[in-house]
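Enquirer: Structure for the following, please:
(chains A and B)
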Protein chains: 2
Amino acid sequence: MIHTEKHLKSSDFITDIVIGMSDGLTVPFALAAGLSGAVSSNSIVITAGVAEIVAGCIAMGLGGYLAGKTEQEHYQSELQKEYAEVEAIPEKEMNEVKEIFATYGIDEAGQQLLATQLAADKTNWVNFMMKFELGLEEPDPNRARNSALTIGLAYLVGGFWPLTAYFFTATPREGLLMSALITTLCLFIFGYLKGKVTGQKQLLSAVKVTAIGLVAAAAAYFVAIGFDKLF
Amino acid sequence: MIHTEKHLKSSDFITDIVIGMSDGLTVPFALAAGLSGAVSSNSIVITAGVAEIVAGCIAMGLGGYLAGKTEQEHYQSELQKEYAEVEAIPEKEMNEVKEIFATYGIDEAGQQLLATQLAADKTNWVNFMMKFELGLEEPDPNRARNSALTIGLAYLVGGFWPLTAYFFTATPREGLLMSALITTLCLFIFGYLKGKVTGQKQLLSAVKVTAIGLVAAAAAYFVAIGFDKLF
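Expert: Next up is the predicted model:
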């Protein structure tokens, strides 16, 4: 019998697509649905939808860029702190190494041996502390830019489909029906694929993702109608 | 001289507030700005803005809930795999332990000592593999629910301010000017505080966050005007 290890290592690229497309398929659709209950012209729905997609795409894309940059700066600043610490207070840092191993049942002699060997090379020592004390790994230098592009494009692609319905229908009501059909289908397919790549049950994932989109749209629809009646 | 270690341990709560409020302050504002260039009535801008806030709040909140639940399920499923592996192929798992420490310059004898001591207790061994091979830590069981509420509320609070301007002005153009002033102020304060709690330079963070919001709004504004002229 051949045993193969299958652990899911979540890819940043897939995570970014999921982030962008989840929101892209949900928010512009829900906004269009909300407006459909309150205005009488498809062109207002389309204009609002396009404005929302552009805004969301840029805000999420640039947000992803900033998050990536922050992660990098955070890693570098912690790295410098660790180098300064193993220089200034090596005994304290060696004790931290021992404590980490103590929690996994390594005995006193083993802790001492490990701490001594790690301390022999500052780079190894600092890398060890970064990963095992702080749980930080060096981020990919292109992560911020890639993340921005992937999230932004995924939002754009996701947001486009719900709007198409309003181009080919005469009234917001008809547009909403068609848009709901198209979007439900898109959400279901997206949820299914998301379940597949993230190692969850596909059908369950499809149902969950679809439900979120429809709940958000229904809430936006009824709140927009309610607000519209107040004016 | 007293040396204190100051490492930033990023709090989930703060991360969630930043996620929700970044988008909340940016997207509804940008949508309202885009519509202000294309429609003639404040009430349409308000209706669309409210629909967007409700949609975004629910979509992001429920999205945060799903992400939290997925993290938990992922952890549990990997935990079961690791227990199965240390049972079925203990030699291979012991070699993985040794390989991990070899990368940090621990010698053969040290690697063997560690692997043997870890293997003496399956719980310790599996916990070690979870953290040091896979980089996974057991998630807080309340994380999904808390995350949903925090992100959703932060989005709501962030999205509310830009819209207020349209209540107290007569035309979308006046509303946009007032909204841009209010939102620029909010973005700046939020960026400053975000920089403070995440350990970045506060002023730089304030400028970056404000710039993203204004760029997204400007893009939405011009694209919406362009689209409106097409119809």
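
Enquirer: Based on its surroundings, how many neighbours for residue A:176?
Expert: The tally of other residues near residue A:176 (other Cβ atoms under 10 Å in any protein chain shown) stands at 25. No exception for glycine: its C-beta is placed from N, CA and C like everyone else's.

Enquirer: Surely it touches residue A:35?
Expert: No. In this structure, residue A:176 is not within contact of residue A:35 by Cβ atoms under 8 Å, at 9.1 Å.

Enquirer: Using the three-state scheme, assign residue A:39.
Expert: coil (DSSP: H, G, I helix; E, B strand; the rest coil).

Enquirer: Torsion angles phi and psi at it?
Expert: The phi/psi pair for residue A:39 (degrees, to the nearest 10) reads phi -120, psi 170.

Enquirer: just checking, it touches residue B:43?
Expert: No. Here residue A:39 does not reach residue B:43: they are 9.7 Å apart, not a contact under Cβ under 8 Å.

Enquirer: between the two, who's got more neighbours?
Expert: Neighbour count, other Cβ under 10 Å: between residue A:39 and residue B:43, residue A:39 has more, with 21 against 17.

Enquirer: For the more buried one, give me its contacts.
Expert: Going by Cβ atoms under 8 Å, 6 or more residues apart in numbering or on different chains, residue A:39 touches A:45, A:172, B:44, B:47.

Enquirer: Show me the shaky parts of chain A.
Expert: Applying pLDDT under 70 to chain A flags the ranges A:1-10, A:231.

Enquirer: now for the helix or strand harbouring residue A:92, which elements pack on it?
Expert: Using DSSP states H and E, the element containing residue A:92 is helix A:90-102. On a contact count with 3 or more Cβ pairs under 8 Å, 6 or more residues apart in numbering or on different chains; DSSP states H and E, helix A:90-102 meets helix A:42-88, helix A:108-119, helix A:122-128.

Enquirer: how about a cut-off of 6 Å?
Expert: Applying 3 or more Cβ pairs under 6 Å, 6 or more residues apart in numbering or on different chains; DSSP states H and E, one finds that helix A:90-102 contacts helix A:108-119.

Enquirer: and the helix it packs on, is it in reach of chain B?
Expert: Yes. Applying Cβ under 6 Å from any Cβ of the partner chain, one finds that helix A:108-119 is in contact with chain B at A:110, A:113, A:117.

Enquirer: Surely the first one and residue B:111 touch.
Expert: Looking back up the chat, that one is residue A:110. No. With contacts counted by Cβ atoms under 6 Å, residue A:110 stays clear of residue B:111, the gap being 11.0 Å.

Enquirer: rewinding a little: for the helix holding residue A:92, buried residues please.
Expert: A:93-94, A:96-98, A:100-101 (16 or more other Cβ atoms under 10 Å in any protein chain shown).

Enquirer: quick one: which of those is nearest chain B?
Expert: Using Cβ to the nearest Cβ, residue A:101 comes nearest to chain B of the buried residues of helix A:90-102, at 7.8 Å.

Enquirer: So that closest one is in contact with residue A:111, correct?
Expert: Yes. Judged on Cβ under 6 Å, residue A:101 makes contact with residue A:111 at a distance of 4.8 Å.

Enquirer: Please compute how far stretch A:88-105 lies from its chain's middle.
Expert: In terms of Cα atoms, centre = their mean, to the nearest Å, the centre of stretch A:88-105 is set 34 Å apart from its chain centre.

Enquirer: Pull the residues that contact the helix holding residue A:92.
Expert: Here helix A:90-102 makes contact (Cβ atoms under 6 Å, 6 or more residues apart in numbering or on different chains) with A:85-86, A:111, A:114-115, A:118-119, A:132.

Enquirer: show me the contacts for the nearest residue to residue A:47 once chain neighbours are set aside.
Expert: Using Cβ to Cβ, 6 or more residues apart in numbering or on different chains and skipping residues adjacent in sequence, the residue nearest residue A:47 is residue B:38, 4.7 Å away. The contact partners of residue B:38, taken as Cβ under 6 Å, 6+ apart, are A:47, B:224-225, B:228.

Enquirer: Now with 8 Å, please.
Expert: Residues in contact with residue B:38 (Cβ under 8 Å, 6+ apart) are A:44, A:47, A:51, B:224-225, B:227-228.

Enquirer: Which single one of the residues you listed is nearest to residue B:215?
Expert: residue A:51 (13.9 Å; Cβ to Cβ).

Enquirer: Tell me how far residue A:62 lies from residue A:25.
Expert: From residue A:62 over to residue A:25 the distance is 20 Å, taken as Cβ to Cβ, to the nearest Å.

Enquirer: higher neighbour count, these two?
Expert: A side-by-side neighbour count of residue A:62 and residue A:25, using other Cβ under 10 Å, places residue A:25 first with 29 against 22.

Enquirer: now the more buried one, what's its secondary structure?
Expert: Here residue A:25 takes the helix state, with states given by three-state DSSP.

Enquirer: hang on, isn't it packed against residue A:161?
Expert: Yes. Judged on Cβ under 8 Å, residue A:25 makes contact with residue A:161 at a distance of 7.1 Å.

Enquirer: Spit out the residues that contact these two alike.
Expert: The contact sets of residue A:25 and residue A:161 overlap at A:183, A:186 (Cβ under 8 Å, 6+ apart).

Enquirer: contacting residues around residue A:29?
Expert: Residues in contact with residue A:29 (Cβ under 8 Å, 6+ apart) are A:159, A:162, A:179, A:183, A:213, A:217, B:55.

Enquirer: Find the nearest non-adjacent residue to it, please.
Expert: Nearest non-adjacent residue to residue A:29, counting by Cβ to Cβ, 6+ apart: residue A:162, 3.5 Å away.

Enquirer: What is the neighbour count of the one you found?
Expert: Here the number of neighbours of residue A:162 (other Cβ under 10 Å) works out to 32.

Enquirer: Tell me how far it lies from residue B:54.
Expert: The gap separating residue A:162 from residue B:54 is 16 Å, by Cβ to Cβ.

Enquirer: just residue A:221 next, same as before
Expert: 9 Å.

Enquirer: Likewise for residue A:25?
Expert: Per Cβ to Cβ, residue A:25 is found 17 Å from residue B:54.

Enquirer: surely residue A:134 meets residue A:78?
Expert: Yes. Between residue A:134 and residue A:78 a contact is recorded at 6.0 Å, counting by Cβ under 8 Å.

Enquirer: centre of the chain versus stretch A:96-113, how much separation?
Expert: With Cα atoms, centre = their mean, you get 36 Å for stretch A:96-113.

Enquirer: residues contacting the residue nearest to residue A:191 when sequence neighbours are not counted?
Expert: Distance criterion Cβ to Cβ, 6+ apart; nearest residue to residue A:191, sequence neighbours excluded, is residue A:209 at 3.0 Å. Contacts here follow Cβ under 8 Å, 6+ apart; on that basis residue A:209 touches A:22, A:187-188, A:190-191, A:194, B:66.
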